[in-house]
Structures are given as C-alpha cells and as structure tokens.
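S.K.: Build me a model:
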Amino acid sequence: MKSVEMEELGIENVRVLKSSGFNGFEIEFSVSGQTFVFMVGNSINPYPLSVKHQFSKQENCSLCGKIIYPAPIGHQLCMYFQNNRQQLLEYFSRYIPTEQ
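M.R.: Predicted coordinates:
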C-alpha cells in the first residue's frame, strides 16, 4: 500500500475527547471543510479502530468519493482513512494525552 503523508492533507480543527462509551479516545478533525471522527482504543497503548464521516450536509467525501448523508445517519466509514489508520494514529499521537 502506498504511504500516505498526513501532513499534506491539511488536517485542521483537531479535538481529542475521552470516549464515554469505551476505553479510548474520539478524535474529531476536518480536512477541506469536511469533518471526520477517528476512534482510538485503549488510553494507555492506543490502537486505531475506525474513522467515520461526520458531515453536516449531504455531500461527496473528497477523499474516498462516497456520497455521505448528514450525521447521525451519515456516520459511515471513510475507506481512505480506514485503509490508512496506522498512519493516522501516528499523526495524532502528539495530540493524545498520556495516562499517568
């Protein structure tokens, strides 16, 4: 698989939230004005779970090309990020708080 440079995507508006539903984090971020949610399991040794679209209106994802409906109905996996979860985790590791 081709290496993806996350730095080149122009990731913005990063917000890291401790998940209330599982042990880990939900990382909200946007790329080209489109919002995504990256779920990361385990707060001590993080591992990537899934990346979903979280769009406010119906539009095509600029990365995977899918037609996405507004959230909460449109919480579909983004296959572009799903296939590059490990690189995304490495990119966001600087934002994830460490447990003490």
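S.K.: list the contacts for the nearest residue to V14 once chain neighbours are set aside?
M.R.: What sits nearest to V14 in space, not counting adjacent residues and going by CB to CB, 6 or more residues apart in numbering, is F29, at 4.8 Å. From N, CA and C alone the C-beta is placed, and that goes for glycine too. F29 makes contacts with 11-15, 35-36, 38, 92, as judged by CB atoms under 8 Å, 6 or more residues apart in numbering.
S.K.: can we see that at 10 Å?
M.R.: Contact partners of F29, counting by CB atoms under 10 Å, 6 or more residues apart in numbering, are 9, 11-16, 35-38, 51, 54, 81, 88, 91-92, 95.
S.K.: The residues you listed in helices, which ones?
M.R.: Among those, the residues falling in helices (DSSP state H) are 81, 88, 91-92.
S.K.: could you redo the residues you listed as a markdown table and give each row distance to N45, neighbour count and pLDDT?
M.R.: Shown next, in a markdown table, are those (distance: CB to CB, whole Å; neighbours: other CB atoms under 10 Å; pLDDT from 0 to 100):
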| residue | distance to N45 | neighbour count | pLDDT |
| --- | --- | --- | --- |
| F81 | 21 | 26 | 95 |
| L88 | 16 | 24 | 95 |
| Y91 | 17 | 20 | 95 |
| F92 | 15 | 20 | 95 |
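S.K.: just curious, which of these is nearest to P46?
M.R.: Closest approach to P46 among the ones in helices among the contacts of F29 (CB to CB): F92, at 8.7 Å.
S.K.: how far away is the closest one from S56?
M.R.: For F92, the distance to S56 equals 22 Å [CB to CB, to the nearest Å].
S.K.: for E5, same thing?
M.R.: For E5, the distance to S56 equals 27 Å [CB to CB].
S.K.: Could I get the buried residue list for stretch 47-62?
M.R.: Across stretch 47-62, burial judged by 16 or more other CB atoms under 10 Å covers 48-49, 51-55, 59, 61.
S.K.: pretty sure G41 is touching P48, no?
M.R.: Yes: the pair G41 / P48 is scored as a contact, 7.8 Å apart, by CB atoms under 10 Å.
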